[in-house]
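3D, please:
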Amino acid sequence: MIPSHLRGALKRVVLAGLLTMAAGTSAAQPTSSSTEGKAPMNASPRVKLSTNHGDMIIALDALNPQTAARMVPPLGRWRRFDEARAALMKAELSRIVATPGLSKDVFEQVSKSLR
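Residues are numbered from 1 along each chain as shown. Okay, the predicted model is just below:
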């Protein structure tokens with residue numbers, strides 16, 4: 001069991017690692033030290049990064065389904081928001097549940113949130 005005061009920090013570290021993996025770079029990867037007009041080696045990511053909550057849940061689901069499932073409840077609070085934001089959150093939940101190869105953990109949380 002992870003202490004509650006460390007959970008937020010752990011989520012940030014996991015998400016930062018996911019974004020780094022999605023970019024195809026590593027924190028330990030050196031950058032080009034020459035300044036001869038060359039861009040650093042990690043200046044342009046191989047894939048487009050997205051800070052979309054649903055994209056992060058889908059990416060994390062492949063690595064750690066239980067952690068990904070724990071990140072779904074904030075989207076499940078869509079009823080507390082105005083209609084425009086609620087519609088966006090529901091659309092994101094629908095997109096997550098329609099993802100092929102989704103784990104049982106995430107599917108359960110998303111389907112409960114859509115009820």
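
could you use CA atoms for every contact and neighbour count after this?
OK.

gap between Ala68 and Val110?
To Val110, Ala68 is 11 Å away according to CA to CA, to the nearest Å.

likewise Lys90?
Using CA to CA, Lys90 is found at 10 Å from Val110.

between the two, who's got more neighbours?
Val110 (23 against 19; other CA atoms under 10 Å).

isn't the more buried one up against Arg95?
No: Val110 is beyond contact range of Arg95, at 9.9 Å (criterion: CA atoms under 8 Å).

Ile58 is in what secondary structure piece?
Element membership of Ile58, judged by DSSP states H and E, is helix 53-63.

do Arg95 as well
For Arg95, the host element (DSSP H and E) is helix 83-97.

elements contacting that helix?
Under the contact definition 3 or more CA pairs under 8 Å, 6 or more residues apart in numbering; DSSP states H and E, helix 83-97 sits against helix 53-63, helix 73-76, helix 104-114.

can you pull out the residues in contact with the next helix or strand after the first one?
For helix 53-63, the succeeding helix or strand toward the C-terminus, using DSSP H and E, is helix 65-70. Around helix 65-70, the neighbours that count as contacts under CA atoms under 8 Å, 6 or more residues apart in numbering are 57-58, 60-61, 103, 105-106, 109.

how about the residues you listed, which pair is most distant?
Farthest-apart pair in these is Leu60 and Gln109; separation 14.3 Å (CA to CA).

can you show me the CA trace of stretch 74-87 as CSV?
Output in CSV follows, covering the C-alpha atoms of stretch 74-87 (Å, rounded to 0.1, in the frame of the first residue of the first chain):
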residue,chain,number,x,y,z
PRO,A,74,-11.9,12.1,-12.0
LEU,A,75,-13.6,11.7,-15.5
GLY,A,76,-16.4,9.9,-13.8
ARG,A,77,-17.4,13.0,-11.9
TRP,A,78,-18.8,14.5,-15.2
ARG,A,79,-22.3,15.0,-13.6
ARG,A,80,-20.8,17.8,-11.3
PHE,A,81,-19.8,19.9,-14.3
ASP,A,82,-21.8,22.2,-16.7
GLU,A,83,-23.3,20.6,-19.8
ALA,A,84,-20.4,21.5,-22.1
ARG,A,85,-17.7,20.1,-19.9
ALA,A,86,-19.8,17.1,-19.0
ALA,A,87,-20.2,16.2,-22.6
